[in-house]
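Q: Fold the following for me, if possible:
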Amino acid sequence: MPLVKPFKATRATSDKAAHLISRTYQDYDKKELKAQLKYNPYSFLQILNPGYKYNQEISGEERFNLVRNRFLEFKEEGYLTEDENSCFYIYENIDPHHTYTGIIASMSTEDYENNIIKKHEDTLHNKEVLFKDYLKTVGFNAEPVLLTYPDQSEIDDIINQIKTTEPTYDFSTTDHNRHKIWSVSDNAVISGLQAQFEQMPHLYIADGHHRSASSALLAEEMGAEKQSYNYFMSFLIPESQLNIYEFNRGIIDLNGLSKEEFLIKLDQYFRIQNRGMELYQPSKKHHFSMYLDGDFYSLYLRKDLITIETALDDLDSQMLYDLILKPILGIEDLRTDDRLIYSYGKHDMLKVKKKVDQGLFAVGFGMFPATVEQIKSIADADLRMPPKSTFVRPKLPSGLLIYEF
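A: Residues are numbered from 1 along each chain as shown. A predicted model of the protein is given here:
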């Protein structure tokens with residue numbers, strides 16, 4: 001049974017919350033990032049980009065130490081304060097298309113290690129160590145791991161009752177998102193929510209495998225010194241609220257094949273239809289979209305030629321690797337081969353088409369998004385998806401709530 005604990009969040013004062021939180025760092029292009037740093041002194045980006053103050057690009061341990069300094073300065077200036085009581089935090093995000101509501105809490109690294117919190121992706125050890133060192137130096141975590149659980153009406157009822165009260169925060173940001181947070185310190189309510197999670201055998205990581213793995217490394221190194229190192233901040237939402245998008249693939253060359261030779265090799269496993277300039281998007285699993293030499297194609301798997309023995313065998317990103325990327329295009333390592341470029345599905349195949357037309361890719365592939373059921377089946381079987389198999393929303397803003405060690 002998962003251990004779900006309240007914690008004392010460090011967070012922006014109410015008058016600065018809308019100015020302080022930031023989107024995921026990678027969401028900003030260079031011009032927007034520069035504008036934020038120049039014109040918004042309260043932005044959490046000021047903490048994450050400490051070199052801007054000195055007009056320097058700073059990396060490594062030096063950057064980590066300066067991030068820590070900027071964070072302490074924000075606390076000294078009163079932009080950030082720590083709650084007096086441990087709380088669960090009900091967070092609701094309303095964007096132009098979706099509403100997400102869940103619980104921000106701290107989770108046990110022991111549950112992560114014991115597979116009570118289940119994984120579906122592999123992690124890179126050097127990346128784990130780097131982020132572990134970052135957390136150890138800066139002393140806080142500002143981006144929760146996204147966890148999901150089966151929908152529970154009892155949890156929904158508790159959350160809906162909390163939402164009838166005045167929120168701690170209620171503000172909108174310039175990306176057309178509305179943010180609401182309710183701080184829950186009532187022991188009876190906390191115990192009621194914990195009791196519901198205690199009935200669940202497992203939780204599943206939807207997004208944040210490297211963050212959780214790094215937190216586990218940090219606990220192994222520092223957990224004996226301070227209990228807070230043995231937990232990591234998470235956002236728990238029901239499965240029905242997850243939105244899962246695909247990552248498209250672009251390949252720089254055809255591995256020495258002509259267009260005609262490449263299509264003949266694909267014909268072994270797929271029914272191929274040239275759709276010309278008609279933008280084709282797969283409508284179900286085992287259907288693939290391809291853009292090659294000015295034309296869109298639909299690729300339908302010849303199912304009688306494929307044996308599906310595990311949950312991973314049934315995953316489209318794995319099929320693409322097993323049937324096309326590795327045997328035909330010669331791509332062995334999906335993490336390191338620089339001939340393979342990923343583009344998440346929000347940008348759809350039009351972005352891939354543009355890069356093929358520009359000569360940056362030789363061919364592009366699109367897939368039908370994976371489902372929650374596939375993620376869970378793969379995690380339950382202790383298998384791992386290929387990298388960039390899912391792009392999951394919601395993506396929580398940085399600095400909304402901060403977990404200090």
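Q: for the protein, which strand is longest?
A: The residue-count maximum for a strand in the chain (DSSP state E) belongs to strand 99-108.
Q: who does that strand pair up with?
A: Using DSSP bridges, strand 99-108 pairs in its sheet with strand 4-5 (antiparallel), strand 88-94 (antiparallel), strand 231-238 (antiparallel).
Q: Return the most buried member of those.
A: Mean neighbour count (mean count of other CB atoms under 10 Å) peaks for strand 231-238 among the strands paired with strand 99-108, with a mean of 24. The C-beta positions use only the backbone N, C-alpha and C, and glycine is treated the same way.
Q: Return the alpha-carbon coordinates of that strand using PDB.
A: Extracted in PDB, the C-alpha atoms of strand 231-238 (Å, rounded to 0.1, in the frame of the first residue of the first chain):
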ATOM      1  CA  TYR A 231      10.300  11.400   0.200                       C
ATOM      2  CA  PHE A 232       9.700  13.200  -3.000                       C
ATOM      3  CA  MET A 233       7.000  15.600  -4.100                       C
ATOM      4  CA  SER A 234       4.300  14.100  -6.400                       C
ATOM      5  CA  PHE A 235       1.100  15.100  -8.100                       C
ATOM      6  CA  LEU A 236      -1.500  12.300  -7.900                       C
ATOM      7  CA  ILE A 237      -4.400  12.300 -10.400                       C
ATOM      8  CA  PRO A 238      -6.900   9.700 -11.400                       C
END
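Q: Mind listing what's buried along the very next helix or strand once past it?
A: Scanning forward in sequence from strand 231-238 by DSSP states H and E, the next helix or strand is strand 243-245. The neighbour-count check on strand 243-245 (16 or more other CB atoms under 10 Å) flags 244-245 as buried.
Q: Quick check: mean pLDDT of strand 243-245?
A: For strand 243-245, the mean pLDDT works out to 93.
Q: now do stretch 147-159
A: Averaged across stretch 147-159, the pLDDT comes to 97.
Q: how distant is that stretch from the center of its chain?
A: Mean C-alpha position of stretch 147-159 versus that of the full chain (CA atoms, centre = their mean, to the nearest Å) differs by 21 Å.
Q: Lowest mean pLDDT among the helices and strands of this protein, which one is it?
A: Lowest by mean pLDDT, DSSP states H and E among the helices and strands of the chain is strand 340-344, with a mean of 88.
Q: picking that back up, so for the longest strand of the chain, what gets flagged as buried?
A: In terms of neighbour count (16+ other CB under 10 Å), strand 99-108 has its buried residues at 100-108.
Q: Please name every helix or strand in contact with the longest helix seen in the chain.
A: When the chain is parsed with DSSP state H, its longest helix is helix 60-76. Using 3 or more CB pairs under 8 Å, 6 or more residues apart in numbering; DSSP states H and E, the elements in contact with helix 60-76 are helix 45-48, strand 80-82, helix 125-138.
Q: how close does the nearest residue to F247 once chain neighbours are set aside get to K354?
A: Of all residues not flanking F247 in the chain, K388 sits nearest, at 4.0 Å (CB to CB, 6 or more residues apart in numbering). To K354, K388 is 19 Å away according to CB to CB, to the nearest Å.
Q: picking up where we left off before, any idea which of the buried residues of strand 99-108 is closest to L305?
A: Using CB to CB, Y100 comes nearest to L305 of the buried residues of strand 99-108, at 40.3 Å.
Q: Give the burial count for E61, as a bare number.
A: Using other CB atoms under 10 Å, E61 has 11 other residues around it.
Q: export the buried residues of strand 99-108 to JSON lines and tack on pLDDT and distance to T336?
A: Below are the buried residues of strand 99-108 laid out as JSON lines (pLDDT from 0 to 100; distance: CB to CB, whole Å):
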{"residue": "Y100", "pLDDT": "97", "distance to T336": "34"}
{"residue": "T101", "pLDDT": "98", "distance to T336": "38"}
{"residue": "G102", "pLDDT": "98", "distance to T336": "34"}
{"residue": "I103", "pLDDT": "98", "distance to T336": "37"}
{"residue": "I104", "pLDDT": "98", "distance to T336": "34"}
{"residue": "A105", "pLDDT": "98", "distance to T336": "36"}
{"residue": "S106", "pLDDT": "98", "distance to T336": "34"}
{"residue": "M107", "pLDDT": "98", "distance to T336": "31"}
{"residue": "S108", "pLDDT": "98", "distance to T336": "33"}
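Q: what's the closest of the residues you listed to A381?
A: M107 (22.3 Å).
Q: distance of the residue lying closest to Y79 once chain neighbours are set aside from F44?
A: Excluding its sequence neighbours, the residue lying closest to Y79 (CB to CB, 6+ apart) is K16, at 5.5 Å. As judged by CB to CB, K16 and F44 stand 10 Å apart.
Q: Strands along the stretch 101-250 of the chain, start to end?
A: In the stretch 101-250 of the chain, the strands defined using DSSP state E, counting those that start in this stretch lie at 117-118, 140-141, 145-149, 169-173, 177-184, 203-207, 231-238, 243-245, 247-251.
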